[in-house]
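Peer 1: Sequence first, then the predicted structure:
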Amino acid sequence: MRTTLTIDEDLAAILRKRAAEGDRSFKEVVNSALRAGFAASGEVSARRKTVKVQARALGLRAGFDPEKLNQLVDELEVGEFLGKVAKRGSSRH
């Protein structure tokens, strides 16, 4: 979420210093500081929960090469384009 926030100069200086020391962005340092503050009050956890993603088979039928699906899309788009060009050409005569 994007928002505008006015930070006191003394706090901004601390945040900039921590960002430079940790080779992190100002945004990351601000988010970390807010998370730590809320975690201390028991409102949120200090860390985000991790999500596990399990891979599964696509279930494509034999003969389908998933590596060539983009090629199929390209061919369909070319066919659609050529169809439009042919319609324009025939409507001019």
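Peer 2: Right, received. Where do you want to start?

Peer 1: And the protein, split by domain according to the record?
Peer 2: By the assignment in automatic domain parsing, the chain contains the domains 9-40, 64-93.

Peer 1: right, so those domains: which one is the most enclosed?
Peer 2: A comparison of those by mean neighbour count, using mean count of other C-beta atoms under 10 Å, puts domain 9-40 on top with a mean of 13. Every residue, glycine included, has its C-beta placed from N, CA and C.

Peer 1: hang on, the earlier thing: which one of the domains of the chain has the poorest average confidence?
Peer 2: The stretch with the lowest average pLDDT out of the domains of the chain is domain 64-93, scoring a mean of 83.

Peer 1: How far off centre is the longest helix along the chain?
Peer 2: Ordering each helix of the chain by length in residues (DSSP state H) puts helix 69-91 first. Computed by C-alpha atoms, centre = their mean, to the nearest Å, the chain-centroid distance of helix 69-91 equals 31 Å.

Peer 1: Can we start the residue count at 194 from this point?
Peer 2: Will do, 194 is the new start, and the previous item becomes helix 262-284.

Peer 1: thinking again about what came up before, tabulate the domains of the chain in JSON lines, adding columns for distance to residue 247.
Peer 2: Compiled in JSON lines, these are given as follows (distance: least, C-beta to C-beta, whole Å):
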{"stretch": "domain 202-233", "distance to residue 247": "27"}
{"stretch": "domain 257-286", "distance to residue 247": "18"}
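
Peer 1: which residues are in contact with the longest helix of the chain?
Peer 2: Outside helix 262-284, no residue is within contact range by C-beta atoms under 8 Å, 6 or more residues apart in numbering.

Peer 1: Out of the domains of the chain, flag the one nearest residue 250.
Peer 2: domain 257-286 (10.6 Å; C-beta to C-beta).

Peer 1: Work out for me the element residue 226 sits within.
Peer 2: According to DSSP states H and E, residue 226 maps onto helix 219-233.

Peer 1: For that helix, C-alpha coordinates in CSV please.
Peer 2: The C-alpha trace of helix 219-233 is given here as CSV (Å, rounded to 0.1, in the frame of the first residue of the first chain):
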residue,chain,number,x,y,z
PHE,A,219,14.1,3.1,3.7
LYS,A,220,10.8,1.4,3.1
GLU,A,221,12.1,-2.0,4.4
VAL,A,222,13.5,-0.3,7.6
VAL,A,223,10.2,1.6,8.2
ASN,A,224,8.2,-1.6,7.8
SER,A,225,10.5,-3.5,10.1
ALA,A,226,10.3,-0.9,12.8
LEU,A,227,6.5,-0.8,12.6
ARG,A,228,6.3,-4.6,12.8
ALA,A,229,8.7,-4.7,15.8
GLY,A,230,6.7,-2.0,17.5
PHE,A,231,3.4,-3.7,17.0
ALA,A,232,4.9,-7.1,17.9
ALA,A,233,6.1,-5.6,21.2
